[in-house]
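J.: the sequence isn't on hand, but the structure is:
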């Protein structure tokens, strides 16, 4: 497991192929050296709140960026987003939904809950790689978060 002080990105994605593509895109710009992957919503919440398998991990150390799929097993992405944005310490973490859902209700609900950006995963390989790269560059290098 990665040392929490080094954590840059929490990738919450249940599809191994999408996980690999996302990490590959981030690696192209040297942004993937500090990525933790949660394969479902429950694992993501356990990681963020220092519960279950992550008990003992300080919940005070947060990722700089969360890439969140919506269609997840156990706990869906909207519930994960709701928990993040309801927590005083975590609500300022940028959350980018990266999903295949174009459903208007998912988009509206994500923004209502406080998502920072909503991106529909491009089907084209090159466009997917480009989208992930741009997200990583913006949120990790250009964006100035509160301290």
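T.: Received the coordinates, thanks. Treat the numbers as computed from the prediction; the structure is a model and nothing was measured.

J.: and the residue of the chain positioned farthest from its centre, what does it touch?
T.: Relative to the centre of the chain, and counting by C-alpha atoms, centre = their mean, the farthest-placed residue is residue 56 at 21.4 Å. Residue 56 sits next to residue 50 when contact means C-beta atoms under 8 Å, 6 or more residues apart in numbering. For glycine as for every other residue, the C-beta is placed from the backbone atoms N, C-alpha and C.

J.: distance-wise, check it relative to residue 127.
T.: Residue 56 sits 40 Å away from residue 127, going by C-beta to C-beta, to the nearest Å.

J.: before we move on, what about residue 107?
T.: Residue 107 is 19 Å from residue 127, by C-beta to C-beta.

J.: more neighbours, those two?
T.: Between residue 107 and residue 127, counted using other C-beta atoms under 10 Å, residue 107 has the larger neighbour count: 17 against 11.

J.: so how far is residue 117 from the more buried one?
T.: 11 Å.

J.: identify the contacts common to the two.
T.: What both residue 107 and residue 117 touch, as defined by C-beta under 8 Å, 6+ apart, is an empty set.

J.: avg pLDDT for stretch 135-147?
T.: Averaging pLDDT along stretch 135-147 yields 83.

J.: kind regards, and thank you for your time.
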